[in-house]
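>>> Whatever this is, show me its structure:
(2 chains)
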Amino acid sequence: MLKVDNLSAGYGDIIAIRDLSFSVEAGQILAFIGANGAGKSSTLMCLMGLVEQKSGSILINGQDISTTTVEARITNGLAIVPEGRRVFPDLNVHENLIVGGHVTEASIMKSGIDYVYTVFPRLAERRGQSAGSLSGGEQQMLALGRALVSQPKLLIVDELSLGLMPKVVDECYAVLETLKQNGIGIILVEQNTERALSVADEIRVLEAGNLVWSGTALDAKNNTALTQSLMGLS
Amino acid sequence: MLYLELLFQGIVQGSIYALIALGLTLVYGLLRILHVAHAALFTLGGYVGVIVTNATGSFTLAMVVAMITVGLIGVLTYKLAYEPLLDKPPFIALIASIALFIAAEEVFRIVFGPYGLSYAQPPLQGGFEIINGFFLKYAEALVICISVVMLLLLGWFSAYTRLGVSWRATVTDPDMARAFGVNIQNVRYLNFFVGSALAAVAGVLVALLNNLVEPTMGSVASYKALAIIVLGGLGSIRGTLIASMALGVIESFGTIYIGHLLDRDALAFGFLIIVLMVRPQGLLGSK
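Sure thing, here's the model as predicted:
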């Protein structure tokens, strides 16, 4: 579904990722692991068109989206759950979800919001409440929900578990599991290596902007040297 | 009866302040630029209003033409003066804005003449009796009505339309709004169009109340609108509205009761100083 070849990206003269190639199929979870500054978030932002792409190609279902706008990428099925949740604090829960559906047709947005409210009943209860007044866990649900309003085919998730109670993290990952079963592809960046190894199908390890290891989660778990060095990161 | 009359005068003046200061707040909220030249657009609105009314005889048409032309010129101001300076520190845009304001006043002097323009047959000059002995001019009633309608429209737009919600999202976190496909550039255009069009409405109305537009009509408005948005807590729309009304009413009563000590404009700044001593973040601003 998503095929990335020789992707390089960065900010001005600074190169954040070099010659990255990977692909994600429908119903598959791919996790990026690496230290801070390894280029994980830059990779995700570049897929969304928010970090300047220097070279390489990004194909969605065979269509190259490298030079398209963020809007076109969302229409093509991408959506992001950003690091640090980044909900719009001054807007209420419902309005946050409306922004999530900014580029989609009104009917899709409406059914998307209804879907989010069934997945996270707590958001439905708090629909009129300002997002800034929600707890961290509720904000993460809102950030996840906001990305689901456009009914994406490929969900990009940055640091879902950061600063959250394990129970909330479980709840959010359960939703990702459901999405995966519904055939949605997921790319995630996760500081918690154990968590990443347990949910992902495929693992990619980044170091200073380069891909240093790739394989299935099973291979990664069986590779003691790798897991030991990865555990050291979290 | 005098109290009621003063209160109404204050509300009329406060409505004008609100229409002017809203545009300034919108620009500050989105770009963190103090858009001093905004007051020149207010003056321009007055000129367009008088010229179109005199040429066509229709005050309504004049209002619409003023809103559209001044709105577009506001967008152009952003495009030409501010957009190239966005990655510079905000005071550079402020200096550009002050320069633009001075230049605009001179352009008005050259193009429309130094003595100002008046309506050939000023519309809505009559009045009606609200309760016995207290009259309100049609023009003053119109100021209040138009302000209320404009504010309700703006409130409805920002709360109940998808574009309005995305606009507010952009003000809070432009990068994140972009991640959901909001076109930041269009939001900025919209912002300048709406803010400038509101200033144009204020200009047309002030020209009607005074039956005069002069090149320097925006001078007092420019610094008073700055005082209002600081008072309201920079970037807060509700704060701006409250500050506008408060200032209008305080000026109206103050001119009668302590006018012999402080003139109208000094009162405004006295009020500003007192409020900022108590609440440095403004009436509704966050720290």
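
>>> Which residue does the stretch 151-287 of chain B have closest to chain A?
Scanning the stretch 151-287 of chain B for the residue nearest chain A gives B:Gly181, at 3.7 Å (criterion: C-beta to the nearest C-beta). Bear in mind the C-beta positions are built from the backbone N, C-alpha and C, glycine included.

>>> what number of residues lie near the residue nearest to B:Lys137 when sequence neighbours are not counted?
Spatial nearest neighbour of B:Lys137, excluding adjacent residues (C-beta to C-beta, 6 or more residues apart in numbering or on different chains): B:Gly127 at 4.4 Å. Neighbour count for B:Gly127, taken as other C-beta atoms under 10 Å in any protein chain shown: 14.

>>> Let me see the confidence value for B:Gly127.
pLDDT for B:Gly127: 85.

>>> again, but for B:Gly248
For B:Gly248, pLDDT reads 93.

>>> thinking again about what came up before, make sure the residue of the stretch 151-287 of chain B closest to chain A is indeed in a strand.
No - counting by DSSP: H, G, I helix; E, B strand; the rest coil, B:Gly181 falls outside a strand, being coil.

>>> returning to what we had before: could you check how far the residue nearest to B:Lys137 is from A:Glu71?
According to C-beta to C-beta, to the nearest Å, B:Gly127 and A:Glu71 sit 53 Å apart.

>>> Repeat that for B:His38.
Counting by C-beta to C-beta - B:His38 and A:Glu71 are separated by 30 Å.

>>> Remind me what the helix or strand harbouring B:Gly23 packs against, helices and strands.
Element membership of B:Gly23 [criterion: DSSP states H and E] is helix B:2-31. Secondary-structure packing of helix B:2-31 (3 or more C-beta pairs under 8 Å, 6 or more residues apart in numbering or on different chains; DSSP states H and E): helix B:38-56, strand B:134-137, helix B:138-160, helix B:162-172, helix B:184-210, helix B:217-231, helix B:237-257.

>>> possible to save the ones you listed as TSV with mean neighbour count and distance to A:Gln191?
Conversion of the helices and strands packed on helix B:2-31 to TSV gives the following (neighbours: other C-beta atoms under 10 Å in any protein chain shown; distance: least, C-beta to C-beta, whole Å):
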stretch	mean neighbour count	distance to A:Gln191
helix B:38-56	25	46
strand B:134-137	15	66
helix B:138-160	16	37
helix B:162-172	21	26
helix B:184-210	24	30
helix B:217-231	23	42
helix B:237-257	21	39
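
>>> which sections of chain A are below the confidence cut-off?
For chain A, the stretches with pLDDT under 70 are A:232-234.

>>> Near A:Val199, how many other residues are there?
Residues contacting A:Val199 under the criterion other C-beta under 10 Å number 18.

>>> Looks like it contacts A:Ala174 (just checking).
No - in this structure, A:Val199 is not within contact of A:Ala174 by C-beta atoms under 8 Å, at 10.0 Å.

>>> Up against chain A, what does chain B have?
Contact residues, chain B versus chain A (C-beta under 8 Å from any C-beta of the partner chain): B:162, B:165-166, B:168-169, B:171-173, B:175-183.

>>> can you list the domain ranges for chain A.
Domains of chain A are assigned by automatic domain parsing as A:2-77+A:152-231, A:86-151.

>>> hmm, back to that, how far is the helix holding B:Gly23 from where the chain is centred?
7 Å (C-alpha atoms, centre = their mean, to the nearest Å).

>>> Direction-wise, compare it with helix B:162-172 and give the angle.
Per axes from the mean of the first three to the mean of the last three C-alpha atoms, to 10 degrees, the angle that helix B:2-31 makes with helix B:162-172 is 80 degrees.

>>> Buried residues, helix B:2-31. List them.
Buried positions in helix B:2-31, judged by neighbour count with 16 or more other C-beta atoms under 10 Å in any protein chain shown: B:5-6, B:8-31.

>>> same thing with stretch A:187-194?
Within stretch A:187-194, the residues that qualify as buried by neighbour count (16+ other C-beta under 10 Å) are A:Ile187, A:Leu188, A:Val189, A:Glu190, A:Gln191, A:Asn192, A:Thr193.

>>> what's B:Gly49 in contact with, if anything?
Neighbour list for B:Gly49: B:Phe59, B:Ala62, B:Met63, B:Ala66, B:Ala200, B:Gly203, B:Val204, B:Ala207, B:Leu208, B:Val213 [criterion: C-beta atoms under 8 Å, 6 or more residues apart in numbering or on different chains].

>>> ok, and the closest non-adjacent residue to it?
B:Val204 (3.3 Å).

>>> Could you quantify the relative orientation of the helix or strand hosting B:Met67 and helix B:38-56 as an angle?
Assigned by DSSP H and E, B:Met67 belongs to helix B:59-77. When the same axes, to 10 degrees is applied, the directions of helix B:59-77 and helix B:38-56 differ by 140 degrees.

>>> Go through helix B:59-77 and flag the buried ones.
For helix B:59-77, by 16+ other C-beta under 10 Å, it's B:59, B:62-63, B:65-67, B:69-71, B:73-75, B:77.

>>> Not counting sequence-adjacent ones, nearest residue to the residue of the stretch 1-150 of chain B found nearest chain A?
Nearest residue of the stretch 1-150 of chain B to chain A: B:Gly29, at 10.3 Å (C-beta to the nearest C-beta). With C-beta to C-beta, 6+ apart as the criterion, B:Gly29 has its nearest non-adjacent residue at 3.8 Å, and that residue is B:Gly235.

>>> what's the pLDDT at B:Leu267?
pLDDT, B:Leu267: 83.

>>> And the helix or strand hosting it, what does it pack against?
Assigned by DSSP H and E, B:Leu267 belongs to helix B:264-278. In terms of contacts (3+ C-beta pairs under 8 Å, 6+ apart), helix B:264-278 is packed against helix B:217-231, helix B:237-257.

>>> B:Pro123 and B:Thr56 touch, don't they?
No - in this structure, B:Pro123 is not within contact of B:Thr56 by C-beta under 8 Å, at 11.9 Å.

>>> any residues in contact with both of the two?
In contact with both B:Pro123 and B:Thr56: no residue, using C-beta under 8 Å, 6+ apart.

>>> now residue 71, nearest residue through space, not along the chain?
Went with chain A since none was named. Leaving out its chain neighbours, the residue that sits closest to A:Glu71 by C-beta to C-beta, 6+ apart is B:Gly181, at 4.0 Å.

>>> could you do chain B instead?
Here the residue nearest B:Gly71, using C-beta to C-beta, 6+ apart, is B:Ala197, at 3.8 Å.

>>> contacting residues for the one you found?
B:Met67, B:Ile68, B:Val70, B:Gly71, B:Gly74.

>>> Count the residues that sit near A:Glu95.
Considering only other C-beta under 10 Å, A:Glu95 is surrounded by 24 other residues.

>>> packing partners for the helix or strand harbouring A:Gln53?
In this structure, A:Gln53 sits in strand A:52-60 according to DSSP H and E. Where contact means 3+ C-beta pairs under 8 Å, 6+ apart, strand A:52-60 is packed against strand A:2-11, strand A:14-24, helix A:40-48.

>>> nearest to chain B, of the ones you listed?
helix A:40-48 (5.9 Å).

>>> Export only the CA atoms of the closest one, formatted as CSV.
This file holds the C-alpha atoms of helix A:40-48, laid out as CSV (Å, rounded to 0.1, in the frame of the first residue of the first chain):
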residue,chain,number,x,y,z
LYS,A,40,12.0,8.7,13.4
SER,A,41,9.7,11.7,13.7
SER,A,42,11.3,13.4,10.7
THR,A,43,10.4,10.3,8.6
LEU,A,44,6.8,10.4,9.7
MET,A,45,6.5,14.2,9.2
CYS,A,46,8.1,13.8,5.7
LEU,A,47,5.4,11.2,4.8
MET,A,48,2.8,13.8,5.7
